[in-house]
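**Student:** Just to be clear, the model below is a prediction. Sequence and coordinates:
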Amino acid sequence: MPIEVRNLTHIYHKGSPSEAVALKDISFRIENGEFVGLIGPTGSGKSTLIQHLNGLLKPTSGEVLVDGENIWDKGMSLRKLRQRVGLVFQYAEQQVFEETVREDIAFGPRNLGLSAKEVSERVEEAARMVGLPEDLLNRSPFELSGGQLRRVAIAGVVAMKPEVLILDEPAAGLDPRGRDAILSSIQEMHRAGMTVILVSHNMEDVARLCGRLLVLNRGELVADGSPREIFSRNEFVKKVGLRAPDVVNLMERLRECGWNVRTDIVNVDEALKEILREMGKEVPVLP
Amino acid sequence: MMSSGVIMGQYYPASSPVHSMDPRAKILISVLFMIVLFVGNNFYAFAIMGAFAGLAIAVSKVPLKLLIRGLRPILFIMLFTMVLHLFLTPGPAIFKVGPFTATWAGLVQGLFIGVRLVILIMFTSLLTLTTSPIELTDGLEDLLKPFARLGVPAHELAMMMTIALRFIPTLLEEAERIMKAQMARGADFESGNMVKRAKSLVPLLVPLFVSAFRRADDLAMAMEARCYRGGEGRTRMRQLHMAPRDYVAFGLVIVISVLVILVRIKFGPVISRL
């Protein structure tokens, strides 16, 4: 189910004194099975953009096409769309409200009108996918840790079986183990066939996980390409107010020290290989 | 989301003599004005008070359109009382609807109450429209101070008001965010009957309450960390000062109060002359 955005412009409070242009003439297309990172400094319009993809916000001008159909056309069901395009908000644990974890994850599937049996199957499957131990399902959400609660919230969206999963900073504010766990379960879901759009401020994460990056700055789409293409333009990345992953900076510093290494490197494994090669050491086979 | 015409409690920033008045003066004048409005018992009194209110509005630079929009929420109450008066006041009949008789006295009485409400709402809205919430609470605190000896916790009340006002926009923003998050999970806030709609608010209200309590906790902690304690011995960053314009305003209100009392004695209640 490809998603296409054409000349999307969004203006908040149009016609009032507090009018603000949040997005300017954005166009892109995301194919099935892609893992796309959406990056940009605070206030660049990332959250506004993703809310357009499942119809929570209506474009001031331009259009959003899902499966080739304009989502704001008459006869299009926004609720159906929101099932197919799942959106996990930032600090999603704040939306949890039910008495037990199980009930909370079941909220979405129940809204789809599924049978009780289907709902409970979906809940268990979603809990497994986000790595929630089954014995937590009958606990009150308010007894859980922050990381576990975040996973409950993600499971609440995953349980609707969306074809596209959009996550706004799913790992923000979690401890290192929590963020690794969440990111690797997102990676698992992507491998299982889901299209994923990840909003993140962590350049290491997006460089490692995403096949493609969209860079927003002041409401404009300023770059669209692979992490390698984007992070190798270090000057541009800095100008936008972002920072390339540490390994990119390391390789550049090594080059300045006279090492003959490539700088278009985005993750630790690649950097390791390149350094070992330059040192004339044997390069081990890495997974 | 909440732009639905409720102007009570809204602040209209501008620079005008009314805006820069001492908040204590504005509060006292508003209270006095309300009392006098209820002392006035005929249309001559309303003419005087309406003229004063009109003058205040003109000087304040608050657009008349905004004030008229503020009347919208009470339109129903106004019409309701006017109709009640029209039919329930005894006197010579104008027309009959079933067992109810509309009377001339009722019509006059209804209009009278309506005009009183309009003047009341317009003038009191002017207080909050021209006084920022901070000034308003500062003024209230100062006015309540003399009652501290009677056990009125003036500072605490003012502090509570300030905090409540401060968090209204925050909570609205949060409500919108949670609503969207639940809509992304297929929640439906718009369709269905009353019961279904009330039920659909649970996924919004529970998280909202949880976060409001957490915010309150954090705020209390932050205040304590900065050694906050009650009113005794605290100094103010903004000191309140009565200026000549405040005395002029007071003078005017006293003049109109005397006029209204005189008019009351001379002409008597609106009804008796019918």
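**Tutor:** Thanks, I have it.
**Student:** Of all residues in the stretch 101-250 of chain B, which one is closest to chain A?
**Tutor:** Residue of the stretch 101-250 of chain B nearest chain A, by CB to the nearest CB: B:G186 (3.2 Å). Where you see a C-beta, it was placed from the backbone N, CA and C, and this is true even at glycine.
**Student:** any idea how far the host helix or strand of A:V248 is from the chain center?
**Tutor:** Using DSSP states H and E, A:V248 maps to helix A:246-256. How far helix A:246-256 lies from its chain's middle: 27 Å, per CA atoms, centre = their mean, to the nearest Å.
**Student:** same question, stretch B:196-209
**Tutor:** Relative to the centre of its chain, stretch B:196-209 is centred 29 Å away, using CA atoms, centre = their mean.
**Student:** so where do the helices sit in the stretch 1-150 of chain B?
**Tutor:** If DSSP state H, counting those that start in this stretch is used as the criterion, the helices of the stretch 1-150 of chain B fall at B:23-39, B:43-60, B:64-70, B:75-88, B:104-130, B:133-144.
**Student:** tell me which strands and helices the fifth one is in contact with?
**Tutor:** Put plainly, it is helix B:104-130. Counting contacts by 3 or more CB pairs under 8 Å, 6 or more residues apart in numbering or on different chains; DSSP states H and E, helix B:104-130 packs against helix B:23-39, helix B:43-60, helix B:64-70, helix B:75-88.
**Student:** what does the average pLDDT come to for it?
**Tutor:** For helix B:104-130, mean pLDDT rounds to 90.
**Student:** Ok, the second one next?
**Tutor:** Per-residue confidence for helix B:43-60 averages out to 92 on the pLDDT scale.
**Student:** Distance from the chain centre to that helix, please.
**Tutor:** 18 Å.
**Student:** so which of the helices and strands packed on helix B:104-130 comes closest to chain A?
**Tutor:** helix B:64-70 (13.3 Å).
**Student:** how about that closest one against chain A, any contact?
**Tutor:** No: using CB under 8 Å from any CB of the partner chain, helix B:64-70 never reaches chain A; the gap is at least 13.3 Å.
**Student:** Now for the residue of the stretch 51-200 of chain A found nearest chain B, how many residues are close by?
**Tutor:** Here the stretch 51-200 of chain A gets closest to chain B at one residue, A:N111, 3.2 Å apart by CB to the nearest CB. Close neighbours of A:N111, defined as other CB atoms under 10 Å in any protein chain shown, add up to 20.
**Student:** What residue, apart from its backbone neighbours, is nearest it spatially?
**Tutor:** Spatially, and ignoring its direct neighbours in sequence, A:N111 is nearest to B:G186 (3.2 Å; CB to CB, 6 or more residues apart in numbering or on different chains).
**Student:** What's the local residue count around that neighbour?
**Tutor:** Neighbourhood size, B:G186 [other CB under 10 Å]: 19.
**Student:** Close to chain A: what parts of the stretch 1-150 of chain B are there?
**Tutor:** Contact residues (CB under 8 Å from any CB) of the stretch 1-150 of chain B with chain A: there are none.
**Student:** residues making contact with the host helix or strand of A:F236?
**Tutor:** Element membership of A:F236 [criterion: DSSP H and E] is helix A:234-240. For helix A:234-240, the external contacting residues (CB atoms under 8 Å, 6 or more residues apart in numbering or on different chains) are A:40-41, A:215, A:217, A:222-223, A:230-231, A:243-244, A:248-249, A:252, A:263.
**Student:** TSV for those residues, including neighbour count?
**Tutor:** Converted to TSV, the contacts of helix A:234-240 look like this (neighbours: other CB atoms under 10 Å in any protein chain shown):
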residue	neighbour count
A:G40	25
A:P41	14
A:V215	23
A:N217	18
A:V222	15
A:A223	17
A:I230	27
A:F231	26
A:R243	14
A:A244	24
A:V248	24
A:N249	14
A:E252	16
A:T263	18
